[in-house]
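Asks: build me a model from this:
(one chain, ligands or ions: 2)
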Amino acid sequence: MKTIVFAASKGGVGKTTLCAALSAFASAKSKKKVAVIDLDPQGSLTSWWNSREAESPELIEASAASLQEKLSQAEAAGYAYAFVDTPPGHMKTIETAITCADYVLVPCQPSPVDIAAIGDTLAVIEDQGKPFAFVMNRVISRTRIGEQAILLLANHGKVAGIPIAQRTAFATAMTDGRSAPEVDGGKQATEEIAALWKFVSSNLKK
Ligand SMILES: Nc1ncnc2c1ncn2[C@@H]1O[C@H](COP(=O)(O)OP(=O)(O)O)[C@@H](O)[C@H]1O
Ligand SMILES: [Mg+2]
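Replies: Ligands and ions are numbered 1, 2, ... in the order given. You can find the predicted model right below:
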């Protein structure tokens, strides 16, 4: 089983949104058993999952303290992928999740403030020598700031897939348990999430 952790100590960058979208996409695409784990006490991913009609991914309840054990149980139960969402701020929880990760995704918005805020998360990832990539999220199309941000981030590590735009489909999907590609008009969102999954799944094979 491969564990993909969404980590960024800053809130509002898209960890939960992308965790929902990517886990739903991965389960549809791979046709394998996929788990989601919500380590955020605010429980946004859990609420998304509770209102979801589709049967996959499946939610596994865990805390930072039980994460390792729950992941071992999931592996034994035949899950192919586990997607872990982490809370903003709680560095200890983020650190525990990163310890268990096969791959870490760090969502980042294209603003200097957001890019400046990734240092503490990067330090933990690098400390543990985990493979990781940034995901450019909420890029407003037809602005140069997105491109500049990608160049800036590229100094620190790989940037996954293609930039993910600011799209209503991502926000709407979270309200009713779907993921952006499952929402009407989510065609471009689908391309973005597909590119992210292609990137992650090929990096997991390395
Ligand atoms: N690509 C996107 N397009 C539009 N809205 C987005 C996008 N990504 C995230 N959002 C919205 O931004 C807010 C914060 O995203 P969220 O995933 O909750 O961030 P985090 O989990 O990092 O705190 C939410 O309201 C979400 O709907
Ligand atoms: Mg969140």
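Asks: flag the shaky bits of this protein, pLDDT-wise.
Replies: Filtered on pLDDT under 70, the chain yields the residue ranges 142.
Asks: and the longest helix that the chain contains, what other elements does it pack with?
Replies: As assigned by DSSP state H, the longest helix anywhere in the chain is helix 187-205. On a contact count with 3 or more Cβ pairs under 8 Å, 6 or more residues apart in numbering; DSSP states H and E, helix 187-205 meets strand 2-6, helix 15-30, strand 103-108, strand 132-136, helix 168-175. Bear in mind the C-beta positions are built from the backbone N, C-alpha and C, glycine included.
Asks: please compute how far that helix lies from its chain's middle.
Replies: With Cα atoms, centre = their mean, to the nearest Å as the basis, helix 187-205 stands 11 Å off its chain's centre.
Asks: that helix vs ligand 1: in contact?
Replies: No. Helix 187-205 lies out of reach of ligand 1 by Cβ under 6 Å from any ligand atom, never closer than 7.7 Å.
Asks: what sits up against that helix?
Replies: 2, 4, 18, 21-22, 25-26, 29-30, 102-103, 105, 131, 133, 135, 160-165, 167, 169-170, 179-181, 183 (Cβ atoms under 8 Å, 6 or more residues apart in numbering).
Asks: which residue packs closest to residue 38, ignoring adjacent ones?
Replies: Nearest residue to residue 38, sequence neighbours excluded (Cβ to Cβ, 6 or more residues apart in numbering): residue 45, at 4.0 Å.
Asks: list the buried residues in whichever helix or strand that neighbour is part of.
Replies: Element membership of residue 45, judged by DSSP states H and E, is helix 44-50. Residues 44-46, 48-49 are the ones in helix 44-50 that count as buried (16 or more other Cβ atoms under 10 Å).
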